[in-house]
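A.B. asks: mind looking at a prediction? Sequence and model below.
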Amino acid sequence: MTKAKDIIVVGGDGFCGWPTALHLSQNGHNVTIVDNMSRRDIDKKMGADSLTPIASMDERLKAWKEKTGLTIAFEHIDVAREFDRVTELLEAIKPDTVIHFGEQRAAPYSMRGVGEKRYTVDNNISGTHNLLAASIELGLDPHFVHLGTMGVYGYDDDGIEIPEGYLPVYIPGDDKMIFQREILYPTNPGSVYHMTKSMDQLLFQFYAKNDRLRITDLHQGIVWGTQTDETKLDERLINRFDYDGDYGTVLNRFLMQAVVGHPLTVHGTGGQTRAFIHIQDTVKCIALAVNNPPPKDGKVAILNQMTETHTVRSLATLVADVADAKIANVDNPRNEAAENDLRVSNKTFISLGLKPVTLAEGLMDETFQIASKYANRCIYKMIPCVSTWTNNQRPGVVKVDKVA
Ligand code: NAD
Ligand code: USQ
């Protein structure tokens with residue numbers, strides 16, 4: 001058992017934050033969740049909802065206490081807009097660790113229109129900066145753990161294994177001298193949302209260098225699955241399951257589409273290769289990151305938090321075979337490479353002891369079961385991806401004549 005830490009989990013009501021808060025509490029840490037419930041509000045505004053019936057924060061925390069005897073605190077704070085309250089909370093708790101999940105995280109939502117673009121930039125950049133600046137102002141020294149994204153690297157580097165955050169470069173100088181430098185891997189974001197994660201990286205680089213803040217930036221792949229060991233303990237602890245065209249991520253969407261008899265919505269040819277991680281491994285990785293803060297050496301620790309790569313096409317084929325579903329190749333509403341390769345180094349988490357759960361290991365069955373159990377809650381009209389990247393694209397809607 002490691003020493004108990006005081007940990008603030010910003011965005012702790014969300015898909016990754018909630019199970020992480022439970023896991024860290026179960027591990028003996030003193031956890032305070034901070035959330036402004038904006039994710040639930042966005043659902044209401046869009047007319048969407050989690051497929052699973054998520055309880056209110058009060059009910060969630062009461063259920064956790066009943067099941068485990070453990071207390072998790074909650075503060076309703078908007079970290080992007082309520083700087084004074086952020087400061088007061090940091091001063092009161094003097095956290096050992098701040099874990100920052102509290103951002104607008106859907107690429108399609110960030111591309112809906114000018115309002116959503118501005119909200120995503122304002123929310124994500126201000127929230128990150130407020131947490132960093134408040135910590136410095138108070139003279140605190142928390143380990144800052146941030147959820148970044150694989151998407152900052154972009155998907156154009158066929159053949160290269162994507163390193164963990166940094167790239168050595170060799171610059172020719174005078175007299176045939178070659179200078180070696182290490183730079184942040186050049187960012188190549190594919191949406192306004194992914195761009196905010198690229199901008200976060202510069203904020204971290206500055207505060208690590210200038211104030212010697214210890215920062216771990218986790219470049220996470222697409223998270224799939226729903227339940228973890230802790231969320232399974234009681235139905236009131238169930239995790240959220242997004243499936244709508246903006247917030248639903250590809251594998252969970254396919255699993256749920258198969259269950260409700262909707263054709264699997266493959267964008268274009270489905271040749272997009274992406275990195276994936278199961279939610280159970282997400283919480284394990286974050287616990288490993290919390291227990292292994294980087295040295296105060298002025299450099300941000302960047303870890304790739306993913307366990308396997310797949311093409312969208314291969315995932316659709318896998319799900320279609322298991323569940324006897326149909327595949328529909330729809331117009332791609334995004335502006336992205338139709339086909340790409342992807343190789344990623346995840347050596348740090350493997351060296352820290354992560355034993356990845358993979359798609360082949362039966363967890364797909366569990367996600368199918370959850371999707372089947374709550375299929376009657378599906379709001380069918382929310383399934384299509386209607387947000388387009390440019391004005392002249394068509395939404396990714398299934399046309400009956402295209403169903404294979
Ligand atoms: P989510 O939307 O389910 O959770 C985010 C939470 O943050 C929500 O509860 C929301 O209400 C809260 N929040 C947003 N802005 C806030 C603010 N200004 N103040 C306080 N709370 C705020 O998202 P998620 O899937 O849990 O993702 C968490 C983090 O992990 C995000 O930063 C995301 O970019 C990153 N990530 C997610 C995935 C994925 O597949 N879900 C993959 C890679 C990285
Ligand atoms: N896609 C389909 N059909 C669908 C939905 C998506 O073919 O019905 C395709 C998309 O076009 C894209 C790929 O699947 O090529 C992935 O899309 P996604 O929605 O599953 O994932 P993405 O938009 O990249 O975003 C998600 C999370 C985000 C996180 C990111 C990690 O929402 O918070 O940062 O995964 S990563 O992709 O590694 O950058």
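C.D. replies: Received, thanks. Ligands and ions are numbered 1, 2, ... in the order given.

A.B. asks: ranges for the helices of the stretch 51-200 of the chain?
C.D. replies: Here the stretch 51-200 of the chain has its helices, by DSSP state H, counting those that start in this stretch, at 57-68, 83-93, 107-110, 114-137, 192-211.

A.B. asks: the third one - contacts with which helices or strands?
C.D. replies: Right, the one you point to is helix 107-110. helix 114-137, helix 192-211 (3 or more Cβ pairs under 8 Å, 6 or more residues apart in numbering; DSSP states H and E). Where you see a C-beta, it was placed from the backbone N, CA and C, and this is true even at glycine.

A.B. asks: buried residues in the last one?
C.D. replies: For helix 192-211, burial by neighbour count (16 or more other Cβ atoms under 10 Å) applies to 192-201, 203-205, 207-208.

A.B. asks: tell me what angle that helix forms with helix 114-137.
C.D. replies: For helix 192-211 against helix 114-137, the angle by axes from the mean of the first three to the mean of the last three Cα atoms, to 10 degrees is 20 degrees.

A.B. asks: how near is the closest residue to ligand 1 within the stretch 301-404 of the chain to ligand 2?
C.D. replies: The stretch 301-404 of the chain approaches ligand 1 most closely through Gln305 (7.6 Å), counting by Cβ to the nearest ligand atom. To ligand 2, Gln305 is 9 Å away according to Cβ to the nearest ligand atom, to the nearest Å.

A.B. asks: that residue pairs with what?
C.D. replies: Counting by DSSP bridges, Gln305 forms beta bridges with Gln220.

A.B. asks: can you check the pLDDT for it?
C.D. replies: The model reports Gln305 with a pLDDT of 98.

A.B. asks: I'd say it and Ile222 touch.
C.D. replies: No: between Gln305 and Ile222 there is no contact under Cβ atoms under 8 Å: 10.9 Å.

A.B. asks: which neighbours do the two share?
C.D. replies: Counting by Cβ atoms under 8 Å, 6 or more residues apart in numbering, the common neighbours of Gln305 and Ile222 are Ile277.

A.B. asks: okay, the helices of the stretch 51-200 of the chain, which one's buried deepest?
C.D. replies: With neighbours taken as mean count of other Cβ atoms under 10 Å, those reach their highest mean count in helix 107-110, at a mean of 24.

A.B. asks: out of the helices and strands packed on helix 107-110, nearest to ligand 1?
C.D. replies: Of the helices and strands packed on helix 107-110, nearest to ligand 1 by Cβ to the nearest ligand atom is helix 114-137, at 4.4 Å.

A.B. asks: ok, back up a step: and the residue of the stretch 301-404 of the chain closest to ligand 1, how many neighbours?
C.D. replies: Gln305 has 29 neighbours, counted by other Cβ atoms under 10 Å.

A.B. asks: just the one 3 residues further on next, same as before
C.D. replies: By other Cβ under 10 Å, the residues close to Glu308 number 17.

A.B. asks: likewise Thr273?
C.D. replies: Neighbour tally, Thr273, other Cβ under 10 Å: 20.

A.B. asks: for the stretch 251-400 of the chain, which spans come out with low pLDDT?
C.D. replies: Filtered on pLDDT under 70, the stretch 251-400 of the chain yields the residue ranges 400.

A.B. asks: switch to 90 and redo it
C.D. replies: 357-366, 394, 397-400 (pLDDT under 90).

A.B. asks: contact residues of it facing ligand 2?
C.D. replies: 253, 265-267, 272, 274-275, 312, 332, 334, 336, 385 (Cβ under 6 Å from any ligand atom).

A.B. asks: helix, strand or coil for Leu354?
C.D. replies: On the three-state scheme (DSSP: H, G, I helix; E, B strand; the rest coil), Leu354 is labelled coil.

A.B. asks: quick one on the thing from earlier: out of the helices and strands packed on helix 107-110, which gets nearest to Leu184?
C.D. replies: helix 192-211 (6.1 Å; Cβ to Cβ).

A.B. asks: name the SS class of the residue of the stretch 1-150 of the chain with the smallest separation from ligand 1, please.
C.D. replies: Per Cβ to the nearest ligand atom, the residue of the stretch 1-150 of the chain with the smallest distance to ligand 1 is Gly14, at 1.9 Å. Recorded secondary structure, Gly14: coil (three-state DSSP).

A.B. asks: now name the helix or strand holding Thr309.
C.D. replies: In this structure, Thr309 sits in strand 308-311 according to DSSP states H and E.

A.B. asks: if we can go back for a sec, go through the helices of the stretch 51-200 of the chain and name the closest to ligand 2.
C.D. replies: The minimum distance between ligand 2 and those falls on helix 107-110, with 3.7 Å, by Cβ to the nearest ligand atom.

A.B. asks: wait, does the closest one contact ligand 2?
C.D. replies: Yes: using Cβ under 6 Å from any ligand atom, we find that helix 107-110 touches ligand 2 at Ala107.

A.B. asks: ok, that helix near ligand 1 or not?
C.D. replies: No: Helix 107-110 lies out of reach of ligand 1 by Cβ under 6 Å from any ligand atom, never closer than 9.4 Å.

A.B. asks: a markdown table for the helices and strands packed on helix 107-110, including distance to ligand 2 and mean pLDDT?
C.D. replies: Output for the helices and strands packed on helix 107-110, formatted as a markdown table (distance: least, Cβ to the nearest ligand atom, whole Å; pLDDT from 0 to 100):
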| stretch | distance to ligand 2 | mean pLDDT |
| --- | --- | --- |
| helix 114-137 | 11 | 98 |
| helix 192-211 | 6 | 98 |
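
A.B. asks: any chance of these in TSV, plus distance to Lys45?
C.D. replies: Shown next, in TSV, are the helices and strands packed on helix 107-110 (distance: least, Cβ to Cβ, whole Å):
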stretch	distance to Lys45
helix 114-137	10
helix 192-211	17
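
A.B. asks: residues making contact with stretch 262-271?
C.D. replies: 253-254, 257-258, 311-314, 316, 319-320, 325-334, 338-340, 380, 383-385, 396, 398, 403.

A.B. asks: brain fart, stretch 359-372
C.D. replies: Stretch 359-372 is contacted by residues 51-52, 224-227, 241, 252, 255-256, 258-260, 276, 278, 280, 308, 310, 318-319, 322-323, 357 when judged by Cβ under 8 Å, 6+ apart.
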